[in-house]
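Visitor: Sequence isn't available, so here's the structure alone:
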Ligand SMILES: Cc1cc2nc3c(=O)[nH]c(=O)nc-3n(C[C@H](O)[C@H](O)[C@H](O)COP(=O)(O)OP(=O)(O)OC[C@H]3O[C@@H](n4cnc5c(N)ncnc54)[C@H](O)[C@@H]3O)c2cc1C
């Protein structure tokens, strides 16, 4: 087995801590009133394992003794996900719920046997992929069970089959995205799914959370890429997805996609794959004001000519990007924008993938025809592409100097974008006081778009967790009625209280009924997705 994701690194994203440049720190102090605080990681206390000897023996008999682990580091390494509150917990504020054991099955059949053993021994199961959940999806909650295990799927790391004619690849669920792409490369194929968590998240995690990648406008959201699934449940195996399209009743496959580990464990996904692009072209543009920029990306989506990556930053996000970048190039860019009369610059990044230069040139021409955008050149687009996985590293550095830094996201119809953006900004500013609220659109549809917010504030030294929870609750209330509680981060624990308002009481009942059928004793991922009492 190759442990490709290092789950011991759970207090930060990168093994080597980065540092903010002095100019960025000065800017932050000015905008947020940040004081000089340092918050080094502190190893939290880990309680003893509550797993009974019988349960442990039964699990070890299924997966082998080396793969049923109760040592402290294995357990701590799978304690929770990577939200701001999760990371605070590992820096001594609050504390993560730690699983009683980590179990690593090597085959889909072993997953089924592990689930049976857990039912028999009254043990809750938290499916654990890359552990990048930011909504509490992998919190080790035991519900009413005697113990809880993290079911680490990293040994399910095979490319099972490739059908290059149909462009379908069957991938095991524990494969991290880069590894999946590496295995597909010799076949000339890619999954084309590139979320910011690409380096650590897994195929099963993408399917379980209805993930959306940065190139969603070109390749689709992950649920669009799922041709079929293989699910292990406490009552047996369920395979779905026999054909590319079907009128054989409702699409039950889509019930599994987004089920966040409460209905079963996804062990394999048949993924619709694409040829690896021969040409990739990224370009930066400026638009004057977010409303005008929003009209541009709406036009691209509604004329059905979006670039594969279509990403519009608002005024604040653009300002922060420039402030954090600093340097003479940034000064030159600001001067250029002023010279062009762009008073409220919003950065638009468009990225095209194609089989040839001609194809990309043609698509670019179609997209830009008639749009009022100021080209800033390929260097800016390439700079964005180069740094597109850098956010989590930057978050580590910001947390190190005492910044409250978190993101939240939603989606709504085009006509409601201005109202929703204003409502969330107001809620966050009222809750946090001096803060910077940035927003971007990175997923566009004919009828609407996602809004992704990043918040920076001076961390409350006394109650940092409470500070964020108040702000998050205010933002979630503001979203209610105007948009969805999650466009791609999923429900987990954090959004469960808001699910009923979105899907209705009947919707919650339908999900609960399906859960009772597939997981009658409720061992699977207690406390996630379904509002309290029904999970
Ligand atoms: C810095 C950062 C950036 C992010 N950017 C994006 C982004 O751009 N787009 C996006 O969509 N998301 C993003 N996310 C959120 C997260 O990466 C996604 O939700 C991702 O799909 C989770 O994959 P994972 O393998 O890490 O799953 P995990 O975090 O391990 O699990 C997520 C949920 O799915 C369940 N689960 C995991 N594997 C399985 C399985 N095989 N069967 C059943 N249930 C399972 C877990 O129990 C949990 O409830 C980001 C997160 C971080 C920390």
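Guide: In hand now; what should we look at? Quick caveat: nothing in here was measured; it's all calculated off a predicted structure. Numbers count the residues shown, from 1 in each chain.
Visitor: Who are the contact partners of the closest residue to the ligand within the stretch 251-400 of the chain?
Guide: For the stretch 251-400 of the chain, the residue closest to the ligand is residue 261, as judged by C-beta to the nearest ligand atom, at 3.2 Å. No exception for glycine: its C-beta is placed from N, CA and C like everyone else's. The contact partners of residue 261, taken as C-beta atoms under 8 Å, 6 or more residues apart in numbering, are 125-127, 137, 208, 524-525, 528.
Visitor: Mind checking which of those residues are in strands?
Guide: Here DSSP state E is the test, and the contacts of residue 261 give 125-127 as lying in strands.
Visitor: ok, how many other residues are close to residue 332?
Guide: 10 (other C-beta atoms under 10 Å).
Visitor: Residue 87 now?
Guide: Count around residue 87 with other C-beta under 10 Å applied: 26.
Visitor: Which residues are in contact with it?
Guide: So residue 87 contacts 11-12, 395, 399 (C-beta under 8 Å, 6+ apart).
Visitor: mind giving me JSON lines with these and columns for pLDDT?
Guide: Shown next, in JSON lines, are the contacts of residue 87 (pLDDT from 0 to 100):
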{"residue": "11", "pLDDT": "85"}
{"residue": "12", "pLDDT": "88"}
{"residue": "395", "pLDDT": "93"}
{"residue": "399", "pLDDT": "92"}
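Visitor: So which residues on the stretch 201-350 of the chain come close to the ligand?
Guide: 201-202, 204-206, 208-209, 211-212, 260-261, 265-266 (C-beta under 6 Å from any ligand atom).
Visitor: Tell me which helix or strand the closest residue to the ligand within the chain sits in.
Guide: Closest residue of the chain to the ligand, C-beta to the nearest ligand atom: residue 205 (2.1 Å). Counting by DSSP states H and E, the element that carries residue 205 is helix 203-209.
Visitor: Quick one: name whatever helix or strand follows that helix.
Guide: Later in the chain than helix 203-209, the nearest helix or strand by DSSP H and E is helix 216-219.
Visitor: Quick one: list the elements packing against the helix or strand that that next one is followed by.
Guide: Sequence-wise, the next helix or strand downstream of helix 216-219 (DSSP H and E) is helix 222-225. The helices and strands touching helix 222-225, judged by 3 or more C-beta pairs under 8 Å, 6 or more residues apart in numbering; DSSP states H and E, are helix 203-209, strand 265-272.
Visitor: Does residue 511 touch residue 530 like I think?
Guide: Yes: between residue 511 and residue 530 there is a contact at 6.0 Å, judged by C-beta atoms under 8 Å.
Visitor: Can you get me a residue count around the nearest residue to the residue of the chain closest to the ligand once chain neighbours are set aside?
Guide: Nearest residue to residue 205 in three dimensions, chain neighbours excluded: residue 129, at 3.3 Å (C-beta to C-beta, 6 or more residues apart in numbering). Residues near residue 129, counting by other C-beta under 10 Å, number 30.
Visitor: Ramachandran angles for residue 66?
Guide: With angles defined as degrees, to the nearest 10, residue 66 sits at phi -70, psi -10.
Visitor: Per-residue pLDDT of it, please?
Guide: Predicted confidence (pLDDT) at residue 66: the value is 95.
Visitor: from here on, count from 469
Guide: From this message on, residue numbering opens at 469, which makes the last subject residue 534.
Visitor: and it, how many neighbours?
Guide: Other residues close to residue 534 by other C-beta under 10 Å number 9.
Visitor: OK, contacts around residue 956?
Guide: If you count contacts by C-beta under 8 Å, 6+ apart, residue 956 has them with 663, 677-680, 689, 877, 911, 918.
Visitor: One more: residue 731?
Guide: Taking C-beta under 8 Å, 6+ apart, we find residue 731 in contact with 699, 701, 723-724, 982-983, 986-987, 992.
Visitor: In a helix, it, correct?
Guide: No: under DSSP: H, G, I helix; E, B strand; the rest coil, residue 731 sits outside any helix and is assigned coil.
Visitor: how close does it sit to residue 700?
Guide: Going from residue 731 to residue 700 by C-beta to C-beta, to the nearest Å gives 10 Å.
Visitor: in the stretch 719-868 of the chain, which spans are helices?
Guide: 721-724, 758-770, 783-793, 795-807, 825-836, 846-854, 859-868 (DSSP state H, counting those that start in this stretch).
Visitor: Which of those helices has the lowest mean pLDDT?
Guide: Least confidently modelled of these is helix 795-807, at a mean of 84 by mean pLDDT.
Visitor: residues of that one that come out buried?
Guide: 801, 805 (16 or more other C-beta atoms under 10 Å).
Visitor: Going by contacts, tell me the helices and strands next to it.
Guide: Counting by 3+ C-beta pairs under 8 Å, 6+ apart, helix 795-807 packs on helix 783-793, strand 842-845.
Visitor: Using a markdown table, lay out these together with distance to residue 968 and mean neighbour count.
Guide: A markdown table is the format used below for those (distance: least, C-beta to C-beta, whole Å; neighbours: other C-beta atoms under 10 Å):
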| stretch | distance to residue 968 | mean neighbour count |
| --- | --- | --- |
| helix 783-793 | 32 | 19 |
| strand 842-845 | 45 | 16 |
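Visitor: Okay, and residue 874 sits in which element?
Guide: Using DSSP H and E, the element containing residue 874 is strand 871-881.
Visitor: my bad, should have said residue 628
Guide: Short version, using DSSP H and E: residue 628 is in strand 627-631.
Visitor: re earlier: can you add pLDDT and give the residues of the stretch 669-818 of the chain next to the ligand back as a markdown table?
Guide: Below are those laid out as a markdown table (pLDDT from 0 to 100):
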| residue | pLDDT |
| --- | --- |
| 669 | 98 |
| 670 | 98 |
| 672 | 98 |
| 673 | 98 |
| 674 | 98 |
| 676 | 98 |
| 677 | 98 |
| 679 | 98 |
| 680 | 98 |
| 728 | 98 |
| 729 | 98 |
| 733 | 99 |
| 734 | 99 |
